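K.L.:
Quick one, fold the following:
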Amino acid sequence: MATIWRALARQGRALNQLHALRRQLLAQPSCFISTSKKNKDIAVPVQPMPKSEELKKLEEHFADTDPDSDKNWTSYGFDPTDPDLDNFLHHTTMFFTITLCICWGAFILAYQPDHKNLSWSTRESFLELERREREGLPLVSPDLIDLNKMELPSDEDVGEAEIIV
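P.N.:
Numbering: from 1, shown residues only. Purely as a prediction, here's the structure:
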């Protein structure tokens with residue numbers, strides 16, 4: 001039996017060596033470098049082409065790069081004709097919606113008072129449970145309502161009706 005185990009162990013070592021050799025042979029380089037001849041020739045026309053009339057008009061139109069020019073004005077969509085009114089309405093709208101509604105609205109919703117007294121009732125119930133445990137009383141009293149104050153129907157009124165407690 002020991003001979004079989006030794007033979008298996010030897011084969012395992014040989015297989016590990018073959019596996020390591022295979023990994024070394026199949027290792028790929030991490031980046032491929034092109035070794036082809038670099039062409040630095042660029043095709044350049046000898047004589048410049050004449051500009052067409054359409055190209056000349058476009059160059060004239062886009063030659064004015066003054067940012068204060070009305071031609072370069074992009075509307076915010078509030079007023080398509082007056083840039084000053086459009087800018088004013090844009091900033092006013094953003095102030096009211098972002099600053100007042102979203103920021104202050106989220107602040108008010110987060111810190112509003114507990115109008116349903118949910119946190120008060122939870123605290124009060126935990127205090128009552130702690131008091132009952134401390135005094136050794138049951139957590140929920142079976143005599144929540146005094147039996148003398150309750151009027152139950154007589155057995156004749158109940159009759160054959162099934163009572164589930």
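K.L.:
Please, where are all the helices along this structure?
P.N.:
Using DSSP state H, the helices of the chain run over 2-25, 53-61, 83-94, 105-110, 118-135, 155-158.
K.L.:
Nearest to residue 35, out of these?
P.N.:
Closest approach to residue 35 among the helices of the chain (CB to CB): helix 2-25, 22.6 Å. Any C-beta I mention is one placed from the backbone N, CA and C, and that applies to glycine too.
K.L.:
possible to save the helices of the chain as JSON lines with mean neighbour count and mean pLDDT?
P.N.:
JSON lines is the format used below for those (neighbours: other CB atoms under 10 Å; pLDDT from 0 to 100):
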{"stretch": "helix 2-25", "mean neighbour count": "9", "mean pLDDT": "66"}
{"stretch": "helix 53-61", "mean neighbour count": "10", "mean pLDDT": "87"}
{"stretch": "helix 83-94", "mean neighbour count": "13", "mean pLDDT": "94"}
{"stretch": "helix 105-110", "mean neighbour count": "9", "mean pLDDT": "92"}
{"stretch": "helix 118-135", "mean neighbour count": "10", "mean pLDDT": "91"}
{"stretch": "helix 155-158", "mean neighbour count": "8", "mean pLDDT": "86"}
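K.L.:
Look at residue 146 and report its pLDDT.
P.N.:
Each residue has a pLDDT score; the one for residue 146 is 83.
K.L.:
next one: stretch 44-56 to chain centre, how far?
P.N.:
How far stretch 44-56 lies from its chain's middle: 53 Å, per CA atoms, centre = their mean, to the nearest Å.
K.L.:
How about residues contacting that stretch?
P.N.:
residue 59 (CB atoms under 8 Å, 6 or more residues apart in numbering).
K.L.:
cutoff 10 Å now
P.N.:
Defining contact as CB atoms under 10 Å, 6 or more residues apart in numbering, one finds that stretch 44-56 is touched by 58, 59.
K.L.:
Equivalent analysis for stretch 136-147, please.
P.N.:
So stretch 136-147 is contacted by 128, 129, 131, 132, 133 (CB under 10 Å, 6+ apart).
K.L.:
ok, of those, which one's closest to residue 117?
P.N.:
residue 128 (15.0 Å).
K.L.:
Pull the contacting residues for that closest one.
P.N.:
With CB under 10 Å, 6+ apart, residue 128 has these contacts: residue 139.
K.L.:
mind checking how far it is from residue 141?
P.N.:
11 Å (CB to CB, to the nearest Å).
K.L.:
Can you report phi and psi for residue 77?
P.N.:
Its backbone dihedrals place residue 77 at phi 100, psi 10, with angles given as degrees, to the nearest 10.
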